[in-house]
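In: structure of the sequence below:
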Amino acid sequence: MKTRILSLILTLALLLSALAGCGKTGEPAEPSQEPADAPETEPDYSWFTMPEDTGKLEIYSPGNMYSSILEPAIEIFKQLYPEIDVSYQIVSDDEFETRIRTEIPAGKGPDLVLMTDYTFPDIYKTMSTDLFEDLNPWFGTYDEIALSDFVIPVMNGGVLNGKRYLAPLAYSASILMTTQSILDEIGLTADEIVTIDGFCEGAARFKEKYPDATLFFDLGGLNPTSGDIPTLYQSFGFNLINYETNEVEIDEARFRQYVDLVKLYYDPDYDTADESMWDLPNYSVGGGLHLRRFPYDDQCAESYWKYSNSKTFMPADGEEPVLFLPKNQRGGMTAGMTFGAAIPKGAANKAAAWKLLKILLSDEIQAGHDDSRRGASYFWSGDPVRLSALKQEIPEGDEFFELMQSPTEVFMTPLIYTNKFIRDNIVPYIRGEASWDDCYKKFLNALELYKDE
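Out: Alright, predicted model coming up:
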């Protein structure tokens with residue numbers, strides 16, 4: 001399904017462009033609840049007028065991808081606004097593809113578009129086509145919902161060229177876990193491992209001691225290159241193109257440091273059919289770190305539930321978990337969007353779409369749980385962006401809660417970066433098939449051509 005949607009949306013984005021012309025932690029960054037370039041005075045949105053309420057709402061989504069979120073939200077919507085006629089359809093993948101291709105370019109389509117971090121091959125290019133409504137005046141006009149109710153650096157991930165094209169609903173941070181015994185072995189502290197240089201040095205020292213190790217625990221026994229490239233990419237916080245100036249901007253030294261770390265752990269003989277890692281005792285709750293298969297665990301710390309299980313289990317093995325969020329190349333911390341929503345400019349029922357968006361950002365949905373799925377969160381990936389909901393999901397004062405508030409930015413990694421440009425131009429260097437200079441030159445040339453498409 002992902003391949004089909006990505007192919008579809010890339011075509012759509014290009015078309016629109018043409019038409020438009022754990023115990024210890026490293027010291028976290030101070031949480032920022034203000035935009036980086038906050039204006040001295042509040043913007044004046046007195047000019048803004050709510051679109052006419054048409055008495056209708058039309059939503060569709062592919063398969064069941066968003067049903068755990070949309071279904072409870074729509075039930076609340078119907079209770080609050082019984083006078084509005086709601087049409088909600090779960091369509092097949094093929095029908096979704098056909099409708100998106102024909103309706104959105106024609107100014108039609110669903111009134112609210114829900115998306116994940118991988119729905120678009122390049123969400124920034126899509127936003128730059130001015131396809132979606134600027135939500136700034138919506139948030140700035142209505143007192144019942146305010147950006148200050150949310151983790152602001154995360155919410156600002158939907159802003160491009162000053163316009164708030166999308167509203168993140170849930171986010172994830174690249175929180176990792178190791179153990180104090182591993183840090184003792186490699187001779188680094190929790191504070192040192194947080195920095196890029198310390199993170200890379202720790203991984204290199206670990207590889208010397210355990211040559212057969214993998215960098216991260218890759219779910220399902222995937223080749224390390226498959227998992228390490230995107231996981232590290234978010235941690236380093238790369239943005240290869242400045243979408244506001246439309247220029248390629250890369251710190252080559254930092255980028256090569258990232259690639260060399262993937263190269264260090266690349267194993268051309270990795271057996272994807274080997275399931276021995278699953279045989280580790282109690283591995284599903286994080287007990288495998290002490291067996292020295294990898295230095296950093298990117299699975300057991302991806303959610304508070306997994307971390308709390310690991311934190312409870314590991315001391316029984318004589319291990320002390322160490323939780324940390326690596327700093328990015330700018331010294332801040334990068335998060336990713338797992339769910340977001342936008343209102344298309346061509347939507348016929350924008351007033352109703354805004355009502356639904358407010359519900360999706362409410363405590364009822366942000367902190368909601370699905371009894372039919374054993375009480376699982378409505379968001380099957382990531383944590384809520386609403387501060388009050390985050391406090392309900394994670395005990396306030398817990399180190400995991402503090403780390404979840406510490407990101408200074410959100411970057412929605414364009415999949416076309418890792419699935420095409422890095423794969424086609426940089427992976428040959430990782431495999432030892434070509435020199436860095438040759439690969440990097442081809443990489444830059446491909447980006448230069450792409451940014452102007």
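In: my guess is Phe216 contacts Tyr296. True?
Out: Yes: using CB atoms under 8 Å, Phe216 makes contact with Tyr296 at a distance of 5.7 Å. C-beta coordinates here come from the backbone N, C-alpha and C atoms, glycine included.
In: who has more neighbours, those two?
Out: The neighbour comparison of Phe216 against Tyr296 (other CB atoms under 10 Å) goes to Tyr296, with 26 against 19.
In: quick one: stretch 435-449 to chain centroid distance?
Out: 26 Å (CA atoms, centre = their mean, to the nearest Å).
In: may I see the buried residues of it?
Out: By 16 or more other CB atoms under 10 Å, the buried positions in stretch 435-449 come out as Cys439, Tyr440, Lys442, Phe443, Leu444, Ala446, Leu447.
In: how near is the closest residue to the fifth one other than its chain neighbours to Asp424?
Out: Nearest-residue entry for Leu444: Val248, 6.5 Å, with adjacent residues in sequence omitted and distances by CB to CB, 6 or more residues apart in numbering. Separation of Val248 from Asp424 (CB to CB, to the nearest Å) stands at 16 Å.
In: so which of those two has more stuff around it?
Out: Val248 (16 against 13).
In: specify the beta-bridge partners of the residue nearest to Leu444.
Out: Ile241 (DSSP bridges).
In: wait, it sits on Asp452?
Out: No: using CB under 8 Å, Val248 is not in contact with Asp452, being 10.3 Å away.
In: returning to that earlier point: quick one: which of the buried residues of stretch 435-449 sit in helices?
Out: Using DSSP state H, the members of the buried residues of stretch 435-449 that fall in helices are Cys439, Tyr440, Lys442, Phe443, Leu444, Ala446, Leu447.
In: just send the residues you listed back as TSV, with pLDDT and distance to Glu75 too.
Out: Shown next, in TSV, are these (pLDDT from 0 to 100; distance: CB to CB, whole Å):
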residue	pLDDT	distance to Glu75
Cys439	97	52
Tyr440	97	52
Lys442	97	52
Phe443	96	48
Leu444	97	50
Ala446	96	46
Leu447	96	45
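In: then Cys335 would be within a strand, right?
Out: Not quite, residue 335 is Ala, not Cys. Yes: per DSSP: H, G, I helix; E, B strand; the rest coil, Ala335 lies within a strand segment.
In: mind listing what the spatially most central residue of the chain touches?
Out: Closest to where the C-alpha atoms of the chain average out (CA atoms, centre = their mean) is Gly336, at 2.5 Å. Going by CB atoms under 8 Å, 6 or more residues apart in numbering, Gly336 touches Asp117, Tyr171, Ser172, Ala173, Ser174, Gln234, Val410, Phe411, Met412, Thr413.
In: quick one, phi psi at Val322?
Out: When read as degrees, to the nearest 10, the backbone of Val322 gives phi -120, psi 120.
In: next, count neighbours for it.
Out: Neighbours of Val322 under the rule other CB under 10 Å: 25.
In: give me the beta-bridge partners of it?
Out: Gly23, Thr178.
In: isn't it right up against Glu192?
Out: No: applying CB under 8 Å as the test, Val322 and Glu192 come out as separate, 11.5 Å apart.
In: quick revisit: beta partners of the residue nearest to the centre of the chain?
Out: Beta-bridge pairing for Gly336 (DSSP bridges): Ser172.
In: relative to Phe132, how far out is Ile90?
Out: According to CB to CB, Ile90 stands 23 Å off from Phe132.
In: same question for Ser174.
Out: From Ser174 over to Phe132 (counting by CB to CB), the distance is 27 Å.
In: looking at those two, which one has more neighbours?
Out: Ser174 (25 against 22).
In: the more buried one contacts Tyr233, doesn't it?
Out: No: Ser174 sits out of contact with Tyr233 when judged by CB under 8 Å, with a separation of 9.4 Å.
In: so what's in contact with those two at the same time?
Out: With CB under 8 Å, 6+ apart, Ser174 and Tyr233 have no common neighbours.
In: what bridges to the nearest residue to Ser303 once chain neighbours are set aside?
Out: Distance criterion CB to CB, 6+ apart; nearest residue to Ser303, sequence neighbours excluded, is Asp383 at 7.5 Å. Per DSSP bridges, the residues bridged to Asp383 are Tyr171.
In: so what's Asp383 up against?
Out: Ala170, Tyr171, Ser172, Ser303, Tyr304, Leu390, Glu393, Ile394, Met404.
In: wait, a strand at Thr54?
Out: No: Thr54 is assigned coil when assessed by three-state DSSP, not a strand.
In: count the residues that sit near it.
Out: Thr54 has 15 neighbours, counted by other CB under 10 Å.
In: which ones are touching it?
Out: Counting by CB under 8 Å, 6+ apart, Thr54 has contacts Ala348, Asn349, Ala351, Ala352.
In: now it. Its backbone dihedrals?
Out: phi -90, psi -10.
In: how about the one 4 residues further on?
Out: Per-residue torsions, Glu58: phi -120, psi 120 (degrees, to the nearest 10).
In: spatially, what comes nearest to it if we skip its sequence neighbours?
Out: Nearest non-adjacent residue to Glu58 (CB to CB, 6+ apart): Ser87, at 4.7 Å.
In: ok, Asn161 to Ser308 distance?
Out: For Asn161, the distance to Ser308 (CB to CB) stands at 40 Å.
In: look at the two and report which has more neighbours.
Out: Ser308 (18 against 11).
In: surely that one forms part of a helix?
Out: Yes: with three-state DSSP as the criterion, Ser308 is assigned to a helix.
In: any idea how far Phe401 is from it?
Out: For Ser308, the distance to Phe401 - CB to CB - is 11 Å.
In: got it, and Asp260?
Out: 34 Å.
In: neighbour count: the two, which is higher?
Out: Neighbours were counted for Asp260 and for Phe401 using other CB under 10 Å; Phe401 has more, 17 against 14.
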